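S.K.: pasting a predicted model and its sequence here:
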Amino acid sequence: MANKTDIIIVGGGVIGSSIAYNLLNDGYTGEITVFEKDKLYEFASTPRSAGGIRQLFTTGINVQIGRYGLKKYTTFAEDMAVGDEKAEIDFKQRGYLFLAKHENLDYLKKQMEMQQSYGVPSKLLLKEDLLSIIPELHNADLQGGLYCAEDGYLDPYSVMQGYARKARELGASYVYEDVEKIQSNRGKVTGIQLKNGNTYEAPIVINCAGPWAPSLSESAGLPIPVVPLKRQIIQFEIAEPLKNELPLTVDPTGVYFRHEGTSIITGYGEKVKPGIDFKWNRSFFEEQLWPILAERVPNFERAKITGGWAGIYSHNTEDQNAIIGEHPKMGGYFMAVGFSGHGMQQAPAVGKGISELIRTGEYETIDLTPLRFERFAERKLVIEGAIV
């Protein structure tokens, strides 16, 4: 006999656990079952991310999502406490900084004006102002930068576990099994089948499977424009410490860097073939990252690699933004997929939005309809310029 539940969430990472938490915290009284194939989260995307939290986006919807998330993460430790144990996430509000050459300075000014219209305290810095933040910065080729002191970075693994622990405390059930396919009948979802052959029935299935979301959706005959892409992060130490703690800094080339304790971590959106690949290479640092880093900050010239890892972006090939909401061709099938590297920082708003959509039939806190699946057919893409 099939097991029965009210809501099935496929993917127990930060997005799926945020949705489960928000539903239960908002008063949903049905049974929620979360399926996660990787019990140790060894290959989950969230803990392999750079942990950046920012409001510096180029589209209004992403700015709103980012601002909501930042506010939630500032009180996360207390909000997600279980008993006397706070959910510490090591949120360091050291800022976010996009460095700019002449050709994109005007573009950053327009971004700043839009961001400020939503209450974001972003600032346009002149080249000499950059040195007050990173005194060692080589700024001869720069015109300035876009900076927000509220932003920063945190420990993404602790965020994910904080949501999961709180969701379980509120009543969510976690089943650590691999989902084979979504089941449906006459245009409505009916449940899922696991790889072990067991089935679970539910009128609502939410796809939060990250890099594995496309294959899960295809099992229901509903392809989505998402592919898995490898992203590497390299950790290194430097001989001469920097005077200040770094904001998460993005070079005009796209190479980013920030502090991780006394070390530095860095990465870049390299062009790779789609697929699941968790290998990282020292040559990536030596050939693509180090020449840019050493030129931008002289202290990085003497760098010693201490480690690295690779994670998987769920890359939306159409407009590099999340796909949120119910699929128009299957009732009860909801998606929160294709975050293109922004899942952890967008999890608070997405969890809240999906909770509202399921419970009330509409968005209340932030209107997430610009990120609906239908935008692809309607050619109403949400083009985000600030992709890291």
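M.R.: Cool, got the structure.
S.K.: give me the element residue 63 is part of.
M.R.: helix 60-74 (DSSP states H and E).
S.K.: residues in contact with that helix?
M.R.: 53-57, 79, 89, 91, 93, 114-115, 118-120, 150-151, 154, 159, 321, 342, 345-350, 352, 365-368, 370-371, 382, 384 (CB atoms under 8 Å, 6 or more residues apart in numbering). Bear in mind the C-beta positions are built from the backbone N, C-alpha and C, glycine included.
S.K.: any of these buried? List them.
M.R.: 53-57, 79, 89, 91, 93, 114-115, 120, 150-151, 154, 159, 321, 342, 345-350, 352, 366, 368, 370-371, 382, 384 (16 or more other CB atoms under 10 Å).
S.K.: the residues you listed in strands, which ones?
M.R.: Using DSSP state E, the subset of these located in strands is residue 53.
S.K.: one step back: render the CA-only coordinates of the helix holding residue 63 in PDB, please.
M.R.: The C-alpha trace of helix 60-74 is given here as PDB (Å, rounded to 0.1, in the frame of the first residue of the first chain):
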ATOM      1  CA  GLY A  60      13.700  44.600  -8.700                       C
ATOM      2  CA  ILE A  61      12.500  41.100  -7.800                       C
ATOM      3  CA  ASN A  62      16.000  39.900  -6.900                       C
ATOM      4  CA  VAL A  63      16.700  43.000  -4.800                       C
ATOM      5  CA  GLN A  64      13.400  42.500  -2.900                       C
ATOM      6  CA  ILE A  65      14.200  38.800  -2.300                       C
ATOM      7  CA  GLY A  66      17.800  39.600  -1.300                       C
ATOM      8  CA  ARG A  67      16.700  42.300   1.200                       C
ATOM      9  CA  TYR A  68      14.100  40.000   2.800                       C
ATOM     10  CA  GLY A  69      16.700  37.300   3.100                       C
ATOM     11  CA  LEU A  70      19.300  39.600   4.700                       C
ATOM     12  CA  LYS A  71      16.800  40.700   7.300                       C
ATOM     13  CA  LYS A  72      15.900  37.100   8.100                       C
ATOM     14  CA  TYR A  73      19.500  36.000   8.400                       C
ATOM     15  CA  THR A  74      20.300  38.800  10.900                       C
END
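S.K.: buried residues in that helix, which are they?
M.R.: 61-70, 72-74.
S.K.: how about these in JSON lines, adding pLDDT and distance to residue 129?
M.R.: Listed next are the buried residues of helix 60-74 as JSON lines, based on pLDDT from 0 to 100; distance: CB to CB, whole Å:
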{"residue": "61", "pLDDT": "97", "distance to residue 129": "29"}
{"residue": "62", "pLDDT": "97", "distance to residue 129": "25"}
{"residue": "63", "pLDDT": "97", "distance to residue 129": "23"}
{"residue": "64", "pLDDT": "98", "distance to residue 129": "27"}
{"residue": "65", "pLDDT": "98", "distance to residue 129": "28"}
{"residue": "66", "pLDDT": "97", "distance to residue 129": "23"}
{"residue": "67", "pLDDT": "98", "distance to residue 129": "23"}
{"residue": "68", "pLDDT": "98", "distance to residue 129": "29"}
{"residue": "69", "pLDDT": "98", "distance to residue 129": "27"}
{"residue": "70", "pLDDT": "97", "distance to residue 129": "23"}
{"residue": "72", "pLDDT": "98", "distance to residue 129": "30"}
{"residue": "73", "pLDDT": "98", "distance to residue 129": "27"}
{"residue": "74", "pLDDT": "97", "distance to residue 129": "26"}
